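A.B. asks: coordinates only, sequence not included:
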């Protein structure tokens, strides 16, 4: 049976205050086309379906339309909640949707829900485990020693009835130890939310969500699908793909990654203001991509972001890389401040800000300005 493994759609997400809804609609339309081309039979969405526990009406509509199209294609669809989702909202109407082949995981109830499929090789058991925390699991197994995410997942797996003679798939949304993270994820400091891949050794394939970089952890059959879109500039180097998984006879799985192209990409560019605004600079990439621009001018360009947006409408970030920003200086204590003239103090401030001394002409101008200010105060 051919599965499409997706995860971390984050529908409704905003990146640097830019809504990603249009990008998400576009990429999901591309996914529907890919499903038809690749003759996919089942779709997995491994958590973080929405970006917030209470999604916007627009985000709900996007998911509803996508699931509706999958149901029309008579596909088996499996959806679990992630740490960004409300498990109750994801599981709403699960019993009704099961009849259409869309299986929405209910809130955690002690063990993963199991859906049994069949193909030419026999049974495939699909286990759906929503995002869990130690406190969730402790409520069902008060007698067990559960003091970490790892021990919580271990206890759940020990209480899950798995026929190892059949083919078994687990859908989960956890941070498996060894996974590579990036800035756009919610990861606990110190790795306290890590779980061991050893917990999943009874499964033929583990479809994971949570980490945004597509990758496998420890072995080929324990995989993060990654996001379909880049959600931070730390993901620029990631190859975004759709993950096709063929579950064949017991012990045989084939995996294929198919590149997906966004409507607008995230991109970082740098140079002086004159370089970046030159026509030949932006001929090799779409001007309406989402940009992080770094200006290398020594002097700040007045209203730089406003001017640049006449060329690049989707600037997300703007900063400077010059001698001033590269130099870290310490502000001296106040014990000597009273013994310095106003001009000396201003010269120090100027040098601190710009990493160079004032010119003679600048000193002359500031001195004249100060004199006029003092005269005005005396009057």
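C.D. replies: That came through fine. Keep in mind that this is a model prediction, so the values were computed, not measured.
A.B. asks: quick one: what helix or strand has residue 22 in it?
C.D. replies: Taking DSSP states H and E as the definition, residue 22 sits inside helix 21-38.
A.B. asks: what's in contact with that helix?
C.D. replies: 2, 4, 6, 9-13, 40, 43, 58-59, 62, 66, 69-70, 73, 75, 228-229, 242, 244, 258, 260-264 (Cβ atoms under 8 Å, 6 or more residues apart in numbering). Placement of C-beta: from N, CA and C, glycine included.
A.B. asks: which residues in the stretch 101-250 of the chain form helices?
C.D. replies: 134-138, 149-158 (DSSP state H, counting those that start in this stretch).
A.B. asks: looking at these, which is closest to residue 118?
C.D. replies: Nearest to residue 118, of all these, is helix 149-158, at 24.2 Å by Cβ to Cβ.
A.B. asks: outside of that closest one, which residues touch it?
C.D. replies: By Cβ under 8 Å, 6+ apart, helix 149-158 touches 110-112, 129, 132-134, 136-138, 141, 144-146, 172, 174-175, 177, 192-196, 199-200, 202.
A.B. asks: cool, stretch 273-281 as well?
C.D. replies: Against stretch 273-281 from outside (Cβ under 8 Å, 6+ apart): 269, 270, 271, 282, 293, 295, 297, 301, 304, 307, 308, 311.
A.B. asks: Now do the end-to-end distance for that stretch.
C.D. replies: 11 Å (Cα to Cα, to the nearest Å).
A.B. asks: for the stretch 251-379 of the chain, which spans come out with low pLDDT?
C.D. replies: 328-339, 374-379 (pLDDT under 70).
A.B. asks: Could you measure from residue 360 over to residue 347?
C.D. replies: In this view, residue 360 and residue 347 are 12 Å apart by Cβ to Cβ, to the nearest Å.
A.B. asks: between those two, which one's more packed in?
C.D. replies: Taking neighbours as other Cβ atoms under 10 Å, residue 360 and residue 347 compare with residue 347 leading, 17 against 8.
A.B. asks: I'd guessed that one sits against residue 357; true?
C.D. replies: Yes - contact status for residue 347 versus residue 357: in contact at 7.1 Å, counting by Cβ atoms under 8 Å.
A.B. asks: Any idea how many residues pack against residue 49?
C.D. replies: For residue 49, using other Cβ under 10 Å, the count is 30.
A.B. asks: all numbers from here: first residue = 16
C.D. replies: Yes, from this point I'll number from 16; that puts the last item at residue 64.
A.B. asks: which SS state does residue 58 fall under?
C.D. replies: strand (DSSP: H, G, I helix; E, B strand; the rest coil).
A.B. asks: which ones are touching it?
C.D. replies: 18, 19, 21, 50, 85, 90, 91, 92, 93.
A.B. asks: Just to be sure, the last one is in a strand?
C.D. replies: Yes - read with three-state DSSP, residue 93 is one of the residues of a strand.
A.B. asks: Surely it is in contact with residue 118?
C.D. replies: Yes - proximity of residue 93 to residue 118 meets the contact threshold set by Cβ under 8 Å, at 5.0 Å.
A.B. asks: Comparing the two, which residue is more hemmed in?
C.D. replies: Neighbours per residue (other Cβ under 10 Å) separate residue 93 from residue 118, with residue 93 holding more: 25 against 21.
A.B. asks: partners of that one in the sheet?
C.D. replies: residue 59, residue 118 (DSSP bridges).
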